[in-house]
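Visitor: predicted model, plus sequence, below.
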Amino acid sequence: MTIQFYKYQGTGNDFVIIDNRNGSLQLTTAQINHICDRRFGIGADGLMLLNTLAGSDFEMKYYNADGKESSMCGNGGRCLTRFAYDMGIHKTTYHFLAVDGAHDAEMDAHEWIRLKMKDVNEVADYHGDALLNTGSPHYVKTVQDIMELDVFQEGRNIRNSKDFVTEGINVNFVEPNDKHIIVRTYERGVEDETFSCGTGVTAAAIVFAHNEKGFNRVEVKTKGGHLAVEFEKINDQEFRNVWLCGPAEFVYKGEINI
């Protein structure tokens, strides 16, 4: 079977995308894992299908690099929106369905994609660190000298610790300063550090809100580039109108035999 694919990236978080609006493609876990393999396949942090869904502009079906269907991917949602536009689905505001529910997305004047994320209703304390769900479960830990940190080892230790090993968790290390936060993330399913994680950046920005109430815009730097997160802080547990903002870019297209 020969499959036409497209490669997109959002701040270095890269994805294989396949147009499946005719609903004909069925891939196994092993096939998706092979496609995402950086030595024997195309190479990507995940794979997405652009599906047709009545009542929505499209459906987002997302798989981690291990081949398993995953929870929400924020950078993936932004890249899939850009892909939908490039495939001729031109809208002012997109409405699409992902595994965690409905999302809106927009393209701003600088061609950044703004993706509306789910509301956050709880930020839990875990031994001085934070746990929250932004469409995927996240652990947020404050660190210093973040670029010297062994994110792979430290992240893997937390992800596989007794409280998280069964379901897995994404682990974000955050270094704040006056103008922005720096975020590095170990992602479950990839089982490695990625250059950027959209739901992780969103979780970190919420934890590091600069206004106690009302509108917040948090600038974020990752290994793959610059993002921003906008939201309304209601109180320490409630966050509404959460938007992940950043670039989403086409890299190349090709064919692969499976």
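Guide: Structure's in. What do you need?
Visitor: a helix runs through T202, doesn't it?
Guide: Yes. In this structure, T202 lies within a helix as judged by DSSP: H, G, I helix; E, B strand; the rest coil.
Visitor: that one contacts F239, doesn't it?
Guide: No. Between T202 and F239 there is no contact under Cβ atoms under 8 Å: 9.4 Å. Placement of C-beta: from N, CA and C, glycine included.
Visitor: can you get me a residue count around F195?
Guide: 18 (other Cβ atoms under 10 Å).
Visitor: one more: D86?
Guide: 15.
Visitor: contacts only, for it.
Guide: Shown in contact with D86 (Cβ atoms under 8 Å, 6 or more residues apart in numbering): F250.
Visitor: over to the one 5 residues further on?
Guide: By Cβ under 8 Å, 6+ apart, the contact list for K91 reads 57, 85.
Visitor: re earlier: and T202 and F239? Which one has more around it.
Guide: More neighbours surround T202 than the other of T202 and F239, with 32 against 26 (other Cβ under 10 Å).
Visitor: how close does that one get to N75?
Guide: To N75, T202 is 10 Å away according to Cβ to Cβ, to the nearest Å.
Visitor: intersection of neighbour lists for these two?
Guide: In contact with both T202 and N75: L244, using Cβ under 8 Å, 6+ apart.
Visitor: could you pull out the strands for the stretch 101-250 of the chain?
Guide: Assigned by DSSP state E, counting those that start in this stretch, the strands in the stretch 101-250 of the chain fall at 101-107, 113-116, 124-126, 129-133, 137-142, 170-176, 181-187, 192-194, 214-222, 225-233, 239-246, 249-257.
Visitor: burial of the closest residue to L53 other than its chain neighbours, as a residue count?
Guide: Nearest residue to L53, sequence neighbours excluded (Cβ to Cβ, 6 or more residues apart in numbering): E59, at 3.8 Å. E59 has 18 neighbours, counted by other Cβ under 10 Å.
Visitor: show me the contacts for E59.
Guide: Going by Cβ under 8 Å, 6+ apart, the list of residues near E59 reads 50-53, 96-98.
Visitor: from those residues, which would you call buried?
Guide: 50-51, 96-98 (16 or more other Cβ atoms under 10 Å).
Visitor: quick one: those as TSV, columns for pLDDT and distance to N157 too.
Guide: As requested, these are exported to TSV (pLDDT from 0 to 100; distance: Cβ to Cβ, whole Å):
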residue	pLDDT	distance to N157
L50	98	36
N51	98	37
F96	98	36
L97	97	35
A98	97	30
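Visitor: so which of those residues sit within strands?
Guide: Using DSSP state E, 50-51, 96-98 are the members of the buried ones among the contacts of E59 that sit in strands.
Visitor: how is this protein divided into domains?
Guide: The record's domain parsing of the chain by automatic domain parsing lists 2-117+248-257, 124-241.
Visitor: wait, is E59 part of a strand?
Guide: Yes. E59 sits within a strand when classified using three-state DSSP.
Visitor: related to what we said a few turns ago, quick check: the residue nearest to L53 vs R21, distance?
Guide: For E59, the distance to R21 - Cβ to Cβ - is 9 Å.
Visitor: for the residue nearest to L53, give the beta-bridge partners.
Guide: N51, L97 (DSSP bridges).
Visitor: got the CA positions of stretch 19-27 in CSV?
Guide: Taking C-alpha atoms only, stretch 19-27 is exported to CSV below (Å, rounded to 0.1, in the frame of the first residue of the first chain):
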residue,chain,number,x,y,z
ASP,A,19,-5.6,13.3,4.3
ASN,A,20,-8.2,10.7,5.2
ARG,A,21,-11.4,12.6,4.4
ASN,A,22,-12.6,9.7,2.2
GLY,A,23,-12.3,7.4,5.3
SER,A,24,-10.4,4.6,3.4
LEU,A,25,-7.3,4.4,5.5
GLN,A,26,-6.9,2.0,8.4
LEU,A,27,-3.4,1.8,10.0
